[in-house]
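Peer 1: only geometry, no sequence info:
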């Protein structure tokens, strides 16, 4: 392994920094190797992707609920049908503004 010129630490160090759950050089929440909990972040990421697809014309408003459910199923996220409907409506509303 090569050493980093600035710190003398291993450049390709796969071990987490001591005292953190983060990857090399990262601290939780820093965006640099941090561990991110799955749940809410994943739902928000899926919603953002669908908003972008609507804006690009890849998804029409009538299909948002169906596309959202497919994405959630693919990510292994279970939501009540009422919550999926509510989120789909929010996505449609956000994408139209």
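Peer 2: All right, it came through fine. Keep in mind that this is a model prediction, so the values were computed, not measured. Numbering: from 1, shown residues only.
Peer 1: Could you say which helix or strand holds residue 45?
Peer 2: Using DSSP states H and E, residue 45 maps to helix 39-55.
Peer 1: Next secondary structure after the one helix or strand in the chain whose mean pLDDT sits lowest?
Peer 2: Ranked by mean pLDDT, DSSP states H and E, the helix or strand of the chain with the weakest confidence is helix 39-55, at a mean of 86. The C-terminal neighbour of helix 39-55 among helices and strands, as given by DSSP H and E, is helix 64-74.
Peer 1: That following helix: which residues count as buried?
Peer 2: For helix 64-74, burial by neighbour count (16 or more other CB atoms under 10 Å) applies to 64-65, 67-69, 71-72. (C-beta placed from N, C-alpha, C; glycine too.)
Peer 1: What lies in contact with stretch 73-92?
Peer 2: Residues from elsewhere that reach stretch 73-92, judged by CB atoms under 8 Å, 6 or more residues apart in numbering: 39, 42-43, 46-47, 50-51, 54, 61, 64-65, 68-69, 72.
Peer 1: what distance separates the start and the end of that stretch?
Peer 2: End-to-end span of stretch 73-92 (CA to CA, to the nearest Å): 19 Å.
Peer 1: domain parsing for this protein?
Peer 2: 1-35, 39-95 (automatic domain parsing).
Peer 1: Any idea which of those domains has the lowest pLDDT on average?
Peer 2: Among these, domain 1-35 carries the lowest mean pLDDT, at a mean of 48.
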